[in-house]
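**Q** Starting from these lines, generate the structure:
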Amino acid sequence: MQHQSSHAVLVGDPVIGTGALDRLLVDATVATATVSESIAIRLERTHFEDDYADVISLLEDRFDVRPGGSDVVYEGTAAEEVGDALTALLTIDSWQRVHALRSIRLFHDGRCCLEYVPEHTSFTLDEDANPAVISAVRTALEAHPAGVFSTEPLVEWEHGETSYRIAPPSLCVGNTCFGVRMLAGIEPDRDRRVIALSWHEPSAGVLGRVLEKLIGLLGEPRPNELRFSSLESFESARDVLERITGVTGIDGSPR
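**A** Coordinates of the predicted model:
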């Protein structure tokens, strides 16, 4: 079943691979579980069994198990009581957490309203599937370095022959898109209609290094500045980027 997303949870890159990420993922997922009906956790069990038998045991005590090709899917009723299993799974500090945990999904009326895919650092929500999910997650994230953003284009403009689009989780320049979670800060120059961009270095730590390899953070060079043909488009982009860097520009400390 394909997951449609209306919103994405953005987490600043310094948080990736830290305990702050673990806590916010658990809090946001449990908050969604309280307004949803069922949960499905897909993973490669063989990669967990040797090092994390206790986690597998907890999952099998808590959920029903069904095969999913080369994976195993743990399914059950979504409720706040799933928090202990999610905490055990999402605080694993090793490659299994990224590579062998395929996805966590929550459902309402048979439709997927939350999907977390560690390989792509993707945490998305579907308001159409569950109207309560956005407010539940926003409330859960108030104490965390993260935010909920619409995946619809928040601003689009053209400068010369190049088109630009900011649609979380991406900033797109022409046909090339960059993850905005790497954005550290902006310096708007209204007179010149230019916004200078600064970027975080790729994540450190075990999970950060795995993520860096998996999602190719060292691909096309990220833009150092954005230019605008009109003051209106400059101001619209500046306002959107200030909202985003309020989350992604943090140093990794909970707030």
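
**Q** From here on, just use CA atoms for contacts and neighbour counts.
**A** Fine.

**Q** Give me the neighbour count for residue 45.
**A** Neighbourhood size, residue 45 [other CA atoms under 10 Å]: 18.

**Q** Now it: closest residue in space that isn't a chain neighbour?
**A** residue 72 (6.3 Å; CA to CA, 6 or more residues apart in numbering).

**Q** before we move on, what about residue 156?
**A** Using CA to CA, 6+ apart, the closest residue to residue 156 is residue 165 (4.4 Å).

**Q** who's in contact with the one you found?
**A** Applying CA atoms under 8 Å, 6 or more residues apart in numbering, we find residue 165 in contact with 153, 154, 155, 156, 157, 171, 172, 173.

**Q** what sits against the residue nearest to residue 6 when sequence neighbours are not counted?
**A** Nearest residue to residue 6 in three dimensions, chain neighbours excluded: residue 126, at 4.8 Å (CA to CA, 6+ apart). Residue 126 makes contacts with 3, 4, 5, 6, 7, 112, 113, 114, 133, as judged by CA under 8 Å, 6+ apart.

**Q** Which residue in those has the weakest pLDDT?
**A** Among the contacts of residue 126, residue 3 carries the lowest pLDDT, at 73.

**Q** Dig out what the closest residue to it other than its chain neighbours forms beta bridges with.
**A** Leaving aside its sequence neighbours, residue 3 sits nearest to residue 112 (CA to CA, 6+ apart; 5.8 Å). Listed by DSSP bridges, the beta-bridge partners for residue 112 are residue 107.

**Q** What of residue 186?
**A** residue 197.

**Q** what sits against it?
**A** Contacts of residue 186 by CA under 8 Å, 6+ apart are 195, 196, 197, 198, 241, 242, 245.

**Q** Read off the pLDDT value for the third one.
**A** Per-residue pLDDT puts residue 197 at 97.

**Q** OK, contacts around it?
**A** 183, 184, 185, 186, 187, 223, 224, 225, 226.

**Q** Most widely separated two among those residues?
**A** 184 and 226 (14.7 Å; CA to CA).

**Q** Tell me which of those two has more neighbours.
**A** residue 184 (22 against 18).

**Q** How about the secondary structure of that one?
**A** strand (DSSP: H, G, I helix; E, B strand; the rest coil).

**Q** bridging residues for residue 176?
**A** Going by DSSP bridges, residue 176 forms beta bridges with residue 173.

**Q** and it, how far is that from residue 228?
**A** Per CA to CA, to the nearest Å, residue 176 is found 18 Å from residue 228.

**Q** Tell me which of those two has more neighbours.
**A** Taking other CA under 10 Å, residue 176 and residue 228 do not tie; residue 228 has more neighbours (20 against 12).

**Q** which residues touch that one?
**A** 157, 158, 159, 193, 194, 234.

**Q** The third one - how many residues pack around it?
**A** In other words, residue 159. 13.

**Q** Would you agree it is in contact with residue 233?
**A** No - using CA atoms under 8 Å, residue 159 is not in contact with residue 233, being 10.0 Å away.

**Q** before we move on, back to that, pull out the buried residues from the contacts of residue 165.
**A** 154, 155, 157, 171, 172, 173 (16 or more other CA atoms under 10 Å).

**Q** Noted, bye for now.
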